[in-house]
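Novice: fold the following.
(chains A and B)
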Amino acid sequence: MSILQEVVAIVLFASGVLFMLVGSLGLLRLPDFFTRTHASGKVDSVGMMLCLGGLAVHEGPTLSGVKLLLVIAFVAVSSPVAAHALARAAVRSGLRPWRGAPDEGGPDR
Amino acid sequence: MRETSRSLVVVLAARGLAPVIQLFALYVVFHGHYSPGGGFQGGVLLAAAFVLVRLAGGYETGRHQITRRAGPLLGAAGVLLFAAVGAAAFLTGGNLLDHGRVPVPGFAPAELRSVMILVIEVGVAIAVAAVLTAIYDELLGSEDDD
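Specialist: Numbers count the residues shown, from 1 in each chain, chains lettered A, B, ... in the order given. So this is what the prediction gives:
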């Protein structure tokens, strides 16, 4: 295994973990449902895809590597659609987005 | 029935994903001897594809795959297939599920056992897929009986 392949795999995996960390922080810290969905969508799609891409590069052009690419394609389609469906269902059932806390000068909810 | 509106994004994604999931489910069922997988896992994947189509397109689309009434019937049929294959062994003189002695011409005992395991896996897959879809339908409640 070449050193370049290993470096690319580590960089991809590390950036995926970074996305997951930021998304988890957003899930904890952001104020309402829509912003939290926005954060967790990053964990689901980008973080997962980068981690799987790092694993695929590490694996190289073997059967497992091709399977990992298929998983990436599946995640790329399914995860954003799931986030979209979740947010859309929330809007349609009447949930309004957060407009800023009233005591910080924002308009009312 | 509640007023619904279909999201184009969800419908298109389901339209693209459901056939892939079904194909992969068949792979998992029929490759279950040699790799992780088997009847239950393949059946769950098949049910996931059915439920995905029902979620995206509603029952009027999903009924073209498997109707509300077919769920319990196919579940019973899958269990019966399993039971019949098991009973075929001891009705012909062996132990339950020991198919080495079943008189099917052209098969060595080891081959026969392998093929019968595949039949059992297919029965399990049919039962699991049908029952999981039926559970989804029941949870949704009876809108219009079909």
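Novice: does the lengthiest helix in chain B come close to chain A?
Specialist: For chain B, the longest helix by residue count, based on DSSP state H, is helix B:109-140. No: using C-beta under 8 Å from any C-beta of the partner chain, helix B:109-140 stays clear of chain A, coming no nearer than 15.2 Å. For glycine as for every other residue, the C-beta is placed from the backbone atoms N, C-alpha and C.
Novice: tell me the mean pLDDT for that helix?
Specialist: If you average the pLDDT over helix B:109-140, you get 88.
Novice: packing partners of that helix?
Specialist: Contact here means 3 or more C-beta pairs under 8 Å, 6 or more residues apart in numbering or on different chains; DSSP states H and E; on that basis helix B:109-140 packs against helix B:8-30, helix B:39-57, helix B:70-91.
Novice: which residues are contacting the last one?
Specialist: The one in question is helix B:70-91. B:66, B:95-99, B:101-102, B:116, B:119-120, B:122-131, B:133-134, B:137 (C-beta atoms under 8 Å, 6 or more residues apart in numbering or on different chains).
Novice: go on, the longest one?
Specialist: Residues lying outside helix B:8-30 but in contact with it, judged by C-beta under 8 Å, 6+ apart, are A:74, A:77-78, A:81, A:84-85, A:88, B:37-39, B:41-43, B:45-46, B:48-49, B:52-53, B:55-57, B:118, B:121-122, B:125, B:129.
Novice: with just CA atoms, put it into PDB.
Specialist: Extracted C-alpha coordinates of helix B:8-30, given in PDB (Å, rounded to 0.1, in the frame of the first residue of the first chain):
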ATOM      1  CA  LEU B   8     -41.400  15.100  -5.500                       C
ATOM      2  CA  VAL B   9     -38.000  14.600  -3.900                       C
ATOM      3  CA  VAL B  10     -39.200  11.600  -1.800                       C
ATOM      4  CA  VAL B  11     -41.100  10.100  -4.700                       C
ATOM      5  CA  LEU B  12     -38.200  10.300  -7.100                       C
ATOM      6  CA  ALA B  13     -35.700   8.900  -4.500                       C
ATOM      7  CA  ALA B  14     -38.000   6.000  -3.700                       C
ATOM      8  CA  ARG B  15     -38.500   5.300  -7.300                       C
ATOM      9  CA  GLY B  16     -34.800   5.100  -7.800                       C
ATOM     10  CA  LEU B  17     -34.000   3.200  -4.600                       C
ATOM     11  CA  ALA B  18     -36.700   0.600  -4.300                       C
ATOM     12  CA  PRO B  19     -35.700  -1.500  -7.200                       C
ATOM     13  CA  VAL B  20     -32.100  -1.500  -6.000                       C
ATOM     14  CA  ILE B  21     -33.100  -2.500  -2.500                       C
ATOM     15  CA  GLN B  22     -35.300  -5.300  -3.900                       C
ATOM     16  CA  LEU B  23     -32.400  -6.600  -6.100                       C
ATOM     17  CA  PHE B  24     -30.100  -6.500  -3.100                       C
ATOM     18  CA  ALA B  25     -32.700  -8.400  -1.100                       C
ATOM     19  CA  LEU B  26     -32.800 -11.200  -3.600                       C
ATOM     20  CA  TYR B  27     -29.000 -11.300  -3.500                       C
ATOM     21  CA  VAL B  28     -29.000 -11.600   0.200                       C
ATOM     22  CA  VAL B  29     -31.600 -14.400   0.200                       C
ATOM     23  CA  PHE B  30     -29.900 -16.500  -2.500                       C
END
